[in-house]
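Undergrad: 3D, please:
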Amino acid sequence: MQSEEPGGRIHSTDPFAIPETEKSQVRRLRGRLAATVTLWTAPGPAGLTVSSAVVADGDPGRVLGLIDEESDFWDAASAAGRFAVTPLTPADRQLADRFAGLFPAPGGLFATGDWEETGYGPVPARAGAWAGCRLDGSRPCGWALLLEGVIETVRTGPAGSPLIHYRGRYTELA
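TA: Numbers count the residues shown, from 1 in each chain. This next block holds a predicted model:
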């Protein structure tokens, strides 16, 4: 007879990950495109880790992102009409996992760490850069909601190395 240990187990892999053999070819292709990991936040506060994002220069500049339309972030951003986008660094891995729902968040997503309150939502106080955006539109796009924002303000500091999402894992530039 096997004895069972009380409590949960910590997995070395993502127990919710779709096995490689069951992924669509499109998902497998998407996994081969490295993407910067960003944190999207909105007044409320609410937030979501997003790696499917693009910044388009222009007058005005725009940000596009694929987000989960059932997320608390979408509820807060659509109600407020604005949101913030913060590129994350390798030091932000736990923060990224917390806002992706992969790491425990006792007390809530914003309970730990230092946050700067902005009119667009809270941003990590030590963020090297962030953009404040006005929600300009959204539409269904594949598995997600394509969200478009007009960039109204940008704050940049010293450039740091980005946190990268590649083939289902975090990595960083060599």
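Undergrad: Who are the packing partners of the single longest helix found in the chain?
TA: Identified as the longest helix of the chain according to DSSP state H is helix 72-80. Applying 3 or more Cβ pairs under 8 Å, 6 or more residues apart in numbering; DSSP states H and E, one finds that helix 72-80 makes contact with strand 38-42, strand 46-50, strand 82-87, strand 129-141, strand 144-156. For the C-beta atoms, the positions are set from N, CA and C on the backbone; glycine is no exception.
Undergrad: highest average neighbour count across those?
TA: strand 38-42 (a mean of 27; mean count of other Cβ atoms under 10 Å).
Undergrad: so what's the nearest residue in space to P122 that is not next to it in sequence bridging to?
TA: Once flanking residues are discounted, P122 sits nearest to W115: 4.1 Å by Cβ to Cβ, 6 or more residues apart in numbering. For W115, the beta-bridge partners under DSSP bridges are P124.
Undergrad: now L146
TA: Beta-bridge pairing for L146 (DSSP bridges): L66, R139.
Undergrad: Report the contact partners of it.
TA: L64, G65, L66, S138, R139, P140 (Cβ atoms under 8 Å, 6 or more residues apart in numbering).
Undergrad: so how far is R126 from the residue lying closest to E172 once chain neighbours are set aside?
TA: Using Cβ to Cβ, 6+ apart and skipping residues adjacent in sequence, the residue nearest E172 is P90, 4.4 Å away. Noted for P90: a distance of 13 Å to R126, by Cβ to Cβ, to the nearest Å.
Undergrad: Please identify which of the two sits among more neighbours.
TA: With neighbours defined as other Cβ atoms under 10 Å, P90 and R126 compare such that P90 has more, 16 against 13.
Undergrad: ok, back up a step: could the contacts of L146 go into a markdown table alongside pLDDT and distance to L39?
TA: Formatted as a markdown table, the contacts of L146 follow (pLDDT from 0 to 100; distance: Cβ to Cβ, whole Å):
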| residue | pLDDT | distance to L39 |
| --- | --- | --- |
| L64 | 98 | 16 |
| G65 | 97 | 11 |
| L66 | 97 | 15 |
| S138 | 97 | 19 |
| R139 | 98 | 23 |
| P140 | 97 | 23 |
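Undergrad: All set now, cheers.
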